[in-house]
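> fold the following for me, if possible:
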Amino acid sequence: MKNLLPAGIHPSRLPFALLLAVGGMAAGGRPCPAADAPHPDPDLVVSVFSAASPDYRRTRAADGKWQPETYAFGEGGVTLSAMKDDTIEKLQFLDVVRTIAPALARENYVPCDARDQRSANLLIMVYWGATHGTEDTSHEAAYEMAQEFIPPPRPLMSPAPNGGSGTAMVSDPSTSGRGGEAEALKAQQVEIDSMLQQSLILTTLANRQRDKENYATATLLGYLPEMLRVRDLRLTALEHRRDDVMAEIEEARYYVVLLAYDFRLLSEHKERRIRWEARFSIRERRNDFGARLAAMTAAAAPYFGQDSGGLTHQSPRAGHVDYGEPHVVGYGTSGK
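Just a heads-up that it's a prediction; the model follows:
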């Protein structure tokens, strides 16, 4: 079976608040692909990756709509930006899920009966936050230390005697009165080589750390399959595609991850069987997480419970969301 769990999100316990009555209705058009917009604003493009377990299937009713499935929300947690960011720090779990609930409703995922908590088909764990980004790591301590080890240019040796004033025309330092200077420069070259080697080692270690962080970020955001697909395009005609993917991974991004578990297996047998996942993100620069969350979710909603076929980019249309009042009817934990 396909492993849908992300690296970095492997909770030994899955705490959840059963939000079974988050009502709401979304107004405005459904998201349209980026190709429909001639000049999409890159700040508003939503990256979406979704996948479903091979044995997860949804069926449609006679009217063409998906058969409803019930769910309860679970609080997975938030990862805050390295910088102070009021647009995300002021949001609580309830703020996030009441914004997500209308998009789920459009795909016929509905809150389960508050009187029968275990009737839920799915437990949807919600993770949200901001990635740190590695695009500015050239200013970080490891790289700055590596730069400090780069030695200054080696000084030139004094000119060889030219035969004037009775001096011999020889260039060998050991026989031209410059033996001491030659030995000093040789020792200096050994020191320079040592400093260059240390700088190279530090740069290599910093690059490995950067690659490790990029790998973790790509896994979290759903970019990993695309990153692996383009990694060998360096020095080819398609290198720009690799550069575009890496630029998105390395920039700071707001994200939401939804992991939908089989609630019955989880609650009755402590078996964590994930049914589908959805990961969507938008660049942090010039954006407000709270203001963009509804549009981000609307762009990703058509892929809930389905395979997106890899990473896709969407430009959401403007719209508005009317929220119902959320009601927490219980808390619990699953697993040990």
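
> what stretches of the chain score poorly on pLDDT?
1-40, 135-182, 192-204, 206, 316-336 (pLDDT under 70).

> now the helices: where do they sit in the protein?
86-89, 93-106, 141-148, 179-221, 224-230, 239-250, 263-269, 289-300 (DSSP state H).

> can you lay out those as CSV showing distance to D307 and mean neighbour count?
Heads up, the C-betas are built off the backbone N, CA and C, glycines and all. As requested, the helices of the chain are arranged in CSV below (distance: least, Cβ to Cβ, whole Å; neighbours: other Cβ atoms under 10 Å):
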stretch, distance to D307, mean neighbour count
helix 86-89, 29, 15
helix 93-106, 18, 21
helix 141-148, 39, 14
helix 179-221, 17, 15
helix 224-230, 11, 17
helix 239-250, 19, 17
helix 263-269, 21, 17
helix 289-300, 13, 23
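
> so what touches stretch 78-86?
If you take Cβ atoms under 8 Å, 6 or more residues apart in numbering as the criterion, stretch 78-86 is touched by I88, E89, L91, Y127, W128, G129, A130, T131, H132, A252, E284, F289.

> now those residues: which count as buried?
Buried by 16 or more other Cβ atoms under 10 Å: I88, L91, Y127, W128, G129, A130, T131, H132, A252, E284, F289, out of those.

> among those, which ones are in strands?
Y127, W128, G129, A130 (DSSP state E).

> how much space between the residue lying closest to the second one once chain neighbours are set aside and H269?
Excluding its sequence neighbours, the residue lying closest to W128 (Cβ to Cβ, 6 or more residues apart in numbering) is V256, at 4.8 Å. As defined by Cβ to Cβ, to the nearest Å, V256 lies at a distance of 28 Å from H269.

> of the buried ones among the contacts of stretch 78-86, which pair is most distant in space?
Distance extremes for the buried ones among the contacts of stretch 78-86: the farthest pair is L91 and H132 at 18.6 Å, using Cβ to Cβ.

> ok, back up a step: need the contacts of stretch 78-86 in CSV with distance to P302, can you?
Compiled in CSV, the contacts of stretch 78-86 are given as follows (distance: Cβ to Cβ, whole Å):
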residue, distance to P302
I88, 25
E89, 30
L91, 24
Y127, 20
W128, 20
G129, 23
A130, 24
T131, 24
H132, 30
A252, 26
E284, 24
F289, 21
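
> circling back to that earlier point, so which of the ones in strands among the buried ones among the contacts of stretch 78-86 comes closest to G74?
Y127 (9.7 Å).

> the closest one contacts R279, doesn't it?
No: at 9.1 Å, Y127 does not count as touching R279 under the criterion of Cβ atoms under 8 Å.

> which residues are common contacts for these two?
What both Y127 and R279 touch, as defined by Cβ under 8 Å, 6+ apart, is the set Y255, V256, V257, L258.

> any idea how far the third one lies from L221?
If I follow you right, that is V257. In terms of Cβ to Cβ, V257 sits 8 Å off from L221.

> would you map the strands across the stretch 1-150 of the chain?
Remark: strands assigned in the stretch 1-150 of the chain by DSSP state E, counting those that start in this stretch are 14-19, 24-28, 32-33, 46-52, 69-79, 109-111, 122-130.

> neighbours around V110, how many?
18 (other Cβ atoms under 10 Å).

> which residues sit in contact with it?
So V110 contacts P68, E69, T70, Y71, L104 (Cβ under 8 Å, 6+ apart).

> now the residues you listed as a markdown table including distance to R57?
Shown next, in a markdown table, are the contacts of V110 (distance: Cβ to Cβ, whole Å):
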| residue | distance to R57 |
| --- | --- |
| P68 | 15 |
| E69 | 11 |
| T70 | 16 |
| Y71 | 17 |
| L104 | 18 |
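
> give me the buried entries from these.
Using 16+ other Cβ under 10 Å, the buried ones in these are E69, T70, Y71, L104.

> of all the residues you listed, which comes closest to R231?
L104 (34.3 Å).

> measure that closest one to P42 for me?
Taken as Cβ to Cβ, the span from L104 to P42 is 27 Å.

> what does V256 give?
V256 is 19 Å from P42, by Cβ to Cβ.

> who's more crowded, these two?
Legend: neighbour count by other Cβ under 10 Å for V256 and P42, higher for V256 (23 against 14).
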